[in-house]
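Novice: Next comes the sequence, and after it the predicted model I'd like to discuss.
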Amino acid sequence: MYQLVYNSRMKTLKQQRGRPREFNEHEVLSAAMNYFWVHGYENSSLDALLKVMSIKKSSFYATFKSKKELFKKVLDFYREYQISFLQSIKEAEGPKRAMLSLLEHTFNEFQNSGNVRGCLLMNSGRECYGRYEDISHQVEISFNYLLHLFTSYIEEAQKRGEIVNTKEARFIASRYVNTLNGLVVTIRVGASEDVIDDIVKSAKEILE
């Protein structure tokens, strides 16, 4: 019995060595992330994803199994992408500056294109929450992780004196996230620039 298992395992390893990966997983996940970010989960067809990811269908199924499993990997990739982005700014310019960067990025995207993509996690929550249990659970975990990260940034900014607001950091973080998401919704419904500017101002005041 042991010999059969051993032979089977060796055969699998040889097959894996005989089929080197034909793509860079970081690159294809990045491409898939940006496509999902614009088109959403339901409106992203497998054919379109294969095209933007530049991989063969056989490689796709061997690595990602299905569109849903790819999307779940993308959500994890997005979370790590956001954390890396925020951490790089935090280390260079401080925690408050890192949080303001998200706000400024949203506003700059609006000025450059007339629209915004928003947060992939929030977009996915609106589209998938309650419809796909496993995706819903993953969105919830990732969102709470980022909210916890924002809370830790605010706590550090309060200790540094960058934020003088003495309210609990978790409440400030929640208000900031809600205001940021409100900004995205306001832009998408075609609000005037005066209204948009006022929301940006309100978000900045939350972090004062």
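Specialist: Looks like it arrived, so ask away.
Novice: What's the local residue count around the closest residue to Gln82 other than its chain neighbours?
Specialist: Distance criterion C-beta to C-beta, 6 or more residues apart in numbering; nearest residue to Gln82, sequence neighbours excluded, is Leu146 at 6.5 Å. Glycine gets a C-beta too; all of them are placed from N, C-alpha and C. If you count neighbours by other C-beta atoms under 10 Å, Leu146 ends up with 18.
Novice: for the one 3 residues further on, same thing?
Specialist: The local packing of Leu149 (other C-beta under 10 Å) involves 20 other residues.
Novice: ok, now Lys51?
Specialist: Neighbour count for Lys51, taken as other C-beta under 10 Å: 12.
Novice: ok, now how distant is it from His137?
Specialist: Note on Lys51: its distance to His137, by C-beta to C-beta, to the nearest Å, is 30 Å.
Novice: about what we covered before: just checking, what packs against the helix or strand hosting the residue nearest to Gln82?
Specialist: Assigned by DSSP states H and E, Leu146 belongs to helix 133-160. Under the contact criterion of 3 or more C-beta pairs under 8 Å, 6 or more residues apart in numbering; DSSP states H and E, helix 133-160 touches helix 67-93, helix 95-113, helix 120-128, helix 169-188.
Novice: Could you list the buried residues of it?
Specialist: 135, 138-139, 142-143, 146, 149-151, 153-158 (16 or more other C-beta atoms under 10 Å).
Novice: and those, which two are the farthest apart?
Specialist: Farthest-apart pair in these is Ile135 and Gln158; separation 34.7 Å (C-beta to C-beta).
Novice: show me the contacts for the residue lying closest to Phe107 once chain neighbours are set aside.
Specialist: Using C-beta to C-beta, 6+ apart and skipping residues adjacent in sequence, the residue nearest Phe107 is Val200, 5.6 Å away. By C-beta atoms under 8 Å, 6 or more residues apart in numbering, the contact set of Val200 is Leu103, Phe107, Leu183.
Novice: Of the residues you listed, which is the most crowded?
Specialist: Of those, with other C-beta under 10 Å as the count, Leu183 tops at 24 neighbours.
Novice: Number of residues surrounding Cys119?
Specialist: Other residues near Cys119 number 20, with proximity taken as other C-beta under 10 Å.
Novice: Make 359 the first number, not 1, from now on.
Specialist: Got it, the first residue is 359 from now on, which makes the last one we talked about Cys477.
Novice: mind listing what it touches?
Specialist: Leu538, Asn539, Val542 are the contacts of Cys477 under C-beta under 8 Å, 6+ apart.
Novice: and it, how far is that from Leu404?
Specialist: Taking C-beta to C-beta, one finds Cys477 at 24 Å from Leu404.
Novice: One more: Ala420?
Specialist: Remark: distance between Ala420 and Leu404 (C-beta to C-beta) = 14 Å.
Novice: How about Lys448?
Specialist: 37 Å.
Novice: now do Met411
Specialist: In terms of C-beta to C-beta, Met411 sits 10 Å off from Leu404.
Novice: Now do the shared contacts for the two.
Specialist: Phe418.
Novice: Next, Gly476: secondary structure please.
Specialist: Under DSSP: H, G, I helix; E, B strand; the rest coil, Gly476 falls in the coil class.
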